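Student: predicted structure and sequence below. I'll ask about it afterward.
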Amino acid sequence: MDKRTAFIISFALTLSAPVMGQNTNSANTGRPRTAAASPKVRPSESQKATDTQTPKPVSTTPRSVQNRPKVVVNEAPGSASVLAAFNALLDGLRHKDVKAVAQVYLNSPRLLLFNNNGTVTKGWEQMRKNRESSYPDLKDVKLDVHDLSVVMLGRDGAVVTCLWMQSQTYKGTPETASGRMTLVFKRVGKDWKAVHLHTSPDKQDPSRVMPSEQAPSSPTPTPKP
């Protein structure tokens, strides 16, 4: 190789060296390489179930409410039958049914009735005759009872008490009365019969009440000056 040729080759290598160095520096100082995306971590089965679990739907079915037991008043044996006999008497009075009313009372000459007007009826026959004579003149009978009480006296006796109010038309004239009633019942076989009746007005005539038994009147208020 002659000197000329060697010089040309040496010169060419000198020129190519900076270019190669520049390419190497460009790779290191240029835009940083994008790091490879790390593989997605798949959640474990338990975590996946927790993250994506849908809340359990709230049941819309109404809860069954247990009915409270009904309060049943303890009644003495036989009181229901006594009350049935008393109600039969009331129905007979409302319908002016002599037979229905008479059947409630004991068919005995010892039957005793203290009437609301202060008179006394003795015996079942007299009671029936009195009603037979008065009922045809009655119309529009209305009888209301409240504060009813049934007290058993052993197995064969009972006392019924109540307050009553009765309105009716007697011989074309309207009339109204109210008072207290006491009936004494006795068991006769399988039936209950009334052996005594006592009625009295709830508002007595002051002229018929002794002064010592009259209710004290309310004091008159003192007028203010």
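Tutor: Received it, and whenever you're ready, just let me know what you need. Residues are numbered from 1 along each chain as shown.
Student: Phe185 against Val160, yeah?
Tutor: Yes - Phe185 is in contact with Val160 according to CB atoms under 8 Å; the separation is 6.6 Å. C-beta here means a position set from N, CA and C on the backbone, and glycine is covered the same way.
Student: intersection of neighbour lists for these two?
Tutor: Taking CB atoms under 8 Å, 6 or more residues apart in numbering as the criterion, Phe185 and Val160 both touch Val82, Phe86.
Student: more neighbours: these two, which one.
Tutor: Between Phe185 and Val160, counted using other CB atoms under 10 Å, Phe185 has the larger neighbour count: 27 against 23.
Student: look up how far Val150 lies from that one.
Tutor: As judged by CB to CB, to the nearest Å, Phe185 and Val150 stand 9 Å apart.
Student: quick one: common contacting residues for the two?
Tutor: Joint contacts of Phe185 and Val150 (CB under 8 Å, 6+ apart) are Val82, Phe86, Ala158, Val159, Val160.
Student: ranking these by neighbours, who comes first?
Tutor: Ala158 (25 neighbours).
Student: okay, and the beta partners of it?
Tutor: Counting by DSSP bridges, Ala158 forms beta bridges with Met152, Phe185.
Student: so it sits right up against Ala194, yeah?
Tutor: No - using CB under 8 Å, Ala158 is not in contact with Ala194, being 9.8 Å away.
Student: mutual contacts of these two, please.
Tutor: Listed as contacting both Ala158 and Ala194 by CB under 8 Å, 6+ apart are Val184, Phe185.
Student: could you dump the shared contacts of Phe185 and Val150 to TSV with pLDDT and distance to His146?
Tutor: Shown next, in TSV, are the shared contacts of Phe185 and Val150 (pLDDT from 0 to 100; distance: CB to CB, whole Å):
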residue	pLDDT	distance to His146
Val82	96	18
Phe86	97	13
Ala158	97	19
Val159	97	17
Val160	97	13
